[in-house]
Structures are given as structure tokens and as C-alpha cells.
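S.K.: model this:
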Amino acid sequence: MAKLENGTWVLIADGEKALFMVNETDAEDPFLQVFREEEQDNPPNRDQAANRRGRFNDGPSVHRSAVDDTDWHQLSKDRFADELAEILYKQSHKGKFDKIVIVAPPKTLGELRDEMHQEVVAKVVGEIPKTLTNHPMDEIEKIVKAELEGN
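M.R.: This is a model prediction of the structure:
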């Protein structure tokens, strides 16, 4: 299993917030320092949707079908994953990191994985399918260390 070595980046993300951190110490006693924060203003879908659900006539009969409105909230989350993947690619291309651990809820992790450039994928040393964006830093350090060590 991977260890959280000195200089390893850790990305803690969900669909709306991301913390970019770097481990300033060793794997035994990690000290994660936040160096960049990204946050997306993404109100609930009900606040973004312009219309009620639509209905359309199914032809000559009296039957009518409902049509779902676009889920703007989910689209915004998907776009955020694209933006994070782009940031990671640019930073990787500049040689800013050699190793990265990505911590995100399973859905966000999958979206990020789909969007990440091969150059970034090659530097991923660990993935943790958890939501940690609102945890205190000392808990994040313990959880990431434990997950990477397989505990």
C-alpha cells in the first residue's frame, strides 16, 4: 500500500469544494498543509431550475407524459470535477507534484477519474472513497494515513 511521503499532494474533494494539500512531514506523522482551496457556488436544483416539469402529448390519445427538467445542481457538480481535473493536469504538467492521493465520495471520485489526464493518473498513489471536506485537519491526517496503510 502507498505511504503518505513528504511532498505527496492530497486532494480532498466533493462535488462543490476542494482542498489541495501537501504533506510537509513523513508518512509516520503526516502534517497536511492546505495551499489551495476551490469552492463552487452551487445552490440546490430547485433554486436553479427555471420551470416546472414539462408535459407532452403522446399523440392522438389523451395520454400525457411527464418530462424531467435538467438537474442543474448535478451538472454543476460534474463541471466542478472537470475543473479539478484541469487544475491537476496543469499543475502536474508544470512538475508541481510527483504523487497524489485523491479523497472524494465515490461518485465524485469516479467523475474525476473519468476526466483526469493520463499524466495525472500515473501520479495517483491512492484513492479514498470518503467525504472529508468538512472534517478537521487532524482527523483528515489520521484517516488518510490509516486508509493508505490499509487499517
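
S.K.: going forward, measure contacts and count neighbours with C-alpha atoms only.
M.R.: OK.

S.K.: residue ranges for the helices of the protein, please.
M.R.: 45-48, 72-93, 106-115, 118-121, 137-149 (DSSP state H).

S.K.: nearest to residue 4, of the ones you listed?
M.R.: helix 137-149 (6.7 Å; C-alpha to C-alpha).

S.K.: Please spell out which residues along the closest one are buried.
M.R.: Buried positions in helix 137-149, judged by neighbour count with 16 or more other C-alpha atoms under 10 Å: 140, 141, 143, 144, 145, 147, 148.

S.K.: Quickly list what the residue lying closest to the fourth one once chain neighbours are set aside is bridged to.
M.R.: If you skip the residues right next to it in sequence, residue 144 has residue 128 as its closest partner in space, 7.6 Å away by C-alpha to C-alpha, 6 or more residues apart in numbering. Beta-bridge partners of residue 128, counted by DSSP bridges, are residue 103.

S.K.: and the gap between residue 128 and residue 148?
M.R.: From residue 128 across to residue 148, the span is 8 Å (C-alpha to C-alpha, to the nearest Å).
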